[in-house]
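**Student:** Predicted model and sequence follow; I will ask about them next.
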Amino acid sequence: MSQTLLDPDFDFLAFVNDESQASTNSLDDLILATLEDHDTPSVGMYNVPLTLIENSSEVFGHSPKVFNARYVRLGEETARFTLGPISPRDFLETFCRCPADVLNEMPSPKNAFEFVPRTGKAESDIYEPLIEALNDTGSDGSSPRCPGFTFLNTSEHPDTRGVYTLKPDVLCYAHEHVARVRVNDSHSRADMGFATFFIEIKREPLQDFFQDPPAHWRSSRDARLLKVGDTKRESLQYFGQNIAYATELCARQFRHCCFSISLSGCWARLMRWDRSGLVVTRTFDLHHEPEILCEFLWRYAHMSEAERGMDLSVEVASEAEEIKFRDSIREHVALQLELHDRRLEPAVLEHYQPKAVSAICIPDANTREPRRYLVSRPLTAPLSVVGRAPRTYWAVDAETGQVASLKDTWRFHADGAEQEGTIIDYLARSGVANVPAVLSHGDVLSIPDNPDSRQLTRTQEFVTARWACDLGVDQPSIVRYSHYRLVHSVAGYGLQRLRGTNELLTAGYHALQAMCDAFALKRLHRNVHPASIVLFREKANVDRRAFLVDWDLSGGIDGPNQRTRTPHDAMWQFVSIGILLRLPRPHRIQDDMESLLYVMLYCSLRWLGHTAEQEQLLVQLTEMFDFASRYRHEIQGGDHKVMNAIQRKYTNGVQFTDPALHKWLNKLMDLHHPVQTQMSEGSFGYNESASGKLWSNPEKLAARWRRFLDEESPGRNDRVARTIVHEVRDIQENATPHPATIPSQEQRVSKKRVAGCLEEDEGDEDRGASVDTSERKTKRRKLERRTCGAPSNTVDDDHLGSRTWEPLQKLSIPRNNNKRTKRSPEYTCGSEHGDKT
């Protein structure tokens, strides 16, 4: 198959910077393969174009790219946001309103599913009887169960267009979309861009991943919904499979919620997903209570598009608007990347898909009158169904042709919660350096000019319901979100698209400037990561300038923290040690400075020259940045960052090619925490107060950073094209999962490299290698002895595996615990050195 922009081995910057590509046929082949193999035109709210950048979804993790590991991770994370079991009747009345006269016209449900087996030898035994019953119009030719919709078997033809290969068992399509996905009379291609909801089937009731409290209980409080015990991992896998489908459905369409059905043998559950979580019904028997599913289908068919979860604020752009969008994007890309030949076209495809341009109206920041913006291909897409789910675009003002950045997200909605646009506008008007100008922003309304039609989540309404099991549920984190859009002036490229050392270090300085200015106004950013630092060229023939964006999690240094779950909301890989360990103190400016340090280190390891080998680099990125563990259903981390802070475990032995970069990274790490030559018994010895004087004064650090750039000559255009190869190892399936709402994928999966791990097995049998229980306990005891001043950092036995604790390759860490040793001229990054910079 031809290479496309979606391939993980494709380095975009290396391609466009190679002038030889401008005169070969490889460029035409690349564009043609990308458009033909992966995209079809959008249809209104359906089939959102796929991201085409090599680092999609603002993801910087390096967890194993295998299905079962991802499903378990998704299941662990989303179980905390799952409420149930609500009675099916209450579910229908709450989420599927329907007039009584319409309900009276529903076909009789009697014996509707009599041919669906109670159990099957295989899942496929249930597919056809169920689909025939769902599509049945009755012997008298009466109305179908779900008018206007068709149910199709998609179990044999997976959807390969997204980040992962997915094949739900049964998908429901509107009649007008069936022709797009039909393969033959009995099977169809799974296409999450056009499906309206999915049905996932397991062959027997015992494979239901939920459990209902006894019917005679007056309240479900103190009960657990997700199955535990010997079947816990299997339940997490099955649950995670459903989560993956819901996530993809919401990412590939303009939606505010979606529905699904889980079937175990002949026992079913109805589900409703939104950005706050999931509401699930009690299980019901299709043989004894067929009216429940029949009524759901009938109600669903007669609901409006908005009630089914579609976002009606998005319109199809006209042909003239599409031309304007394409030309404006092409001109802007040429300015930003300084490209003016045929290499420009792949860069344009990052933002534009032919016949897939949409129009969105957002209130002007000054006049509050609606402004029409055109968007096509998103730069980022969410990888979890729960949370803020940001989706960003380059947008074009339909009137002026100005190119801007549009952020579609779900903001925390509560009294006193500030909109991100209001925050950035205040910072910009107050003179904060390197923040964008706000052009438009506002909550998304389903009905224009009607504030009561805000698109809000609903799951949080049922946190205190008597039917809601609360064991394993993180009630404080199930909060109300409001659909929100922001347009600002800086349409550039994230720091992961750096061209060299000088650009990285200069961008770090610009970000620190913004942080210091905001701190003077008593505001902290609280979510610094590579994609929050945007490289933007304001005019031709000048260097790109960095802007600090993504202020939605920012907060005042004096006021109460509206979001107590900041570690779960922020980009996990770059959160400071103190926040990850949940130390009993508020967020400080030094936490943001530490995040900036990790951004500099990560980008240097990932895209600049150094001596680390492939396997060693993967260990460094995975353990230092991705590591997480569970303690009493809470996610914690920071252990490996602590080890690097006090002894440079992961950076010691790495020589960076650029001397200036090498020198400055060592200086930053020493300022954050000097190397500790002696460790107290049984303790990591991490001490926040050990930071250097410059670290306690961000203004002085910024001035020193500026002086360093003036005195040194960091390299330009020295980016290294480096692909991180993820070895597929069974043991990785037992790795401790980190939160799935914190994206965990750096690049798309190479189907050829991990053949055999992409296709889902029927029943999703766990391919992971087991770890002996005694070995798990030994490792847990070792971990407990290494606690960093935080609560005992233990992990459930079910999720311990050697992959988390034992590196793939032992790193040689030269130490002398008794005295300082004289440094050789060629020192290594992280080693002790006494430069006086």
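**Tutor:** Everything's here; your move.

**Student:** Now do the contacts for the spatially closest residue to Leu225 that is not a sequence neighbour.
**Tutor:** The shortest distance from Leu225 to any non-neighbouring residue, by Cβ to Cβ, 6 or more residues apart in numbering, is to Cys469 (4.1 Å). Glycine gets a C-beta too; all of them are placed from N, C-alpha and C. By Cβ atoms under 8 Å, 6 or more residues apart in numbering, Cys469 lies in contact with Leu83, Gly84, Pro85, Pro213, Ser220, Arg221, Ala223, Arg224, Leu225.

**Student:** Any chance of a markdown table for those, columns secondary structure?
**Tutor:** As requested, the contacts of Cys469 are arranged in a markdown table below (DSSP: H, G, I helix; E, B strand; the rest coil):
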| residue | secondary structure |
| --- | --- |
| Leu83 | strand |
| Gly84 | strand |
| Pro85 | strand |
| Pro213 | coil |
| Ser220 | coil |
| Arg221 | coil |
| Ala223 | coil |
| Arg224 | strand |
| Leu225 | coil |
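
**Student:** out of these, who's nearest Leu524?
**Tutor:** Leu524 lies nearest to Leu83 out of the contacts of Cys469, by Cβ to Cβ, at 32.3 Å.

**Student:** Hmm, that closest one is touching Gly277, no?
**Tutor:** Yes: counting by Cβ atoms under 8 Å, Leu83 touches Gly277, with 6.4 Å between them.

**Student:** so what sits against both of the two?
**Tutor:** In contact with both Leu83 and Gly277: Thr459, Ile478, using Cβ under 8 Å, 6+ apart.

**Student:** Got a quick ChimeraX command for the buried subset of the contacts of Cys469?
**Tutor:** Listed next is the ChimeraX selection for buried residues among the contacts of Cys469, using 16 or more other Cβ atoms under 10 Å:
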select :83,84,85,213,220,223,224,225
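
**Student:** coming back round to it: would you quantify the distance from the residue nearest to Leu225 to Ala79?
**Tutor:** With the distance defined as Cβ to Cβ, to the nearest Å, Cys469 ends up 10 Å from Ala79.

**Student:** got it, and Asn153?
**Tutor:** 29 Å.

**Student:** Could you do Glu418 as well?
**Tutor:** 30 Å.

**Student:** which of the two has more neighbours?
**Tutor:** Taking other Cβ atoms under 10 Å, Glu418 and Ala79 do not tie; Ala79 has more neighbours (24 against 16).

**Student:** For the residue lying closest to the more buried one once chain neighbours are set aside, give the beta-bridge partners.
**Tutor:** In space, and not counting its chain neighbours, Ala79 is closest to Leu226: 4.9 Å by Cβ to Cβ, 6+ apart. Per DSSP bridges, the residues bridged to Leu226 are Phe210.

**Student:** how many neighbours does Leu226 have?
**Tutor:** Considering only other Cβ under 10 Å, Leu226 is surrounded by 22 other residues.

**Student:** Would you tell me which strand is longest in the protein?
**Tutor:** As assigned by DSSP state E, the longest strand anywhere in the chain is strand 403-412.

**Student:** Direction included, what does that one pair up with?
**Tutor:** strand 391-397 (antiparallel), strand 481-488 (antiparallel).

**Student:** export these to JSON lines and tack on mean neighbour count and distance to Met271?
**Tutor:** Conversion of those to JSON lines gives the following (neighbours: other Cβ atoms under 10 Å; distance: least, Cβ to Cβ, whole Å):
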{"stretch": "strand 391-397", "mean neighbour count": "26", "distance to Met271": "23"}
{"stretch": "strand 481-488", "mean neighbour count": "25", "distance to Met271": "18"}
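
**Student:** Dump the ones you listed to a markdown table, plus mean pLDDT and distance to Trp695.
**Tutor:** As requested, the strands paired with strand 403-412 are arranged in a markdown table below (pLDDT from 0 to 100; distance: least, Cβ to Cβ, whole Å):
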| stretch | mean pLDDT | distance to Trp695 |
| --- | --- | --- |
| strand 391-397 | 97 | 32 |
| strand 481-488 | 97 | 30 |
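
**Student:** I'd like those laid out as CSV, including distance to Asn502.
**Tutor:** Formatted as CSV, the strands paired with strand 403-412 follow (distance: least, Cβ to Cβ, whole Å):
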stretch, distance to Asn502
strand 391-397, 25
strand 481-488, 26
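
**Student:** Where does the prediction get shaky in this structure?
**Tutor:** 1-40, 52-67, 138-141, 162-163, 183-187, 559-568, 632-634, 677-685, 725-837 (pLDDT under 70).

**Student:** State the number of residues packed around the residue nearest to Pro698 when sequence neighbours are not counted.
**Tutor:** Nearest non-adjacent residue to Pro698, counting by Cβ to Cβ, 6+ apart: Cys516, 4.9 Å away. The local packing of Cys516 (other Cβ under 10 Å) involves 21 other residues.

**Student:** Surely Cys516 and Ala702 touch.
**Tutor:** Yes: the criterion here is Cβ under 8 Å, and Cys516 meets it with Ala702 at 5.3 Å.

**Student:** first vs last residue of stretch 517-524, how far apart are they?
**Tutor:** End-to-end span of stretch 517-524 (Cα to Cα, to the nearest Å): 10 Å.
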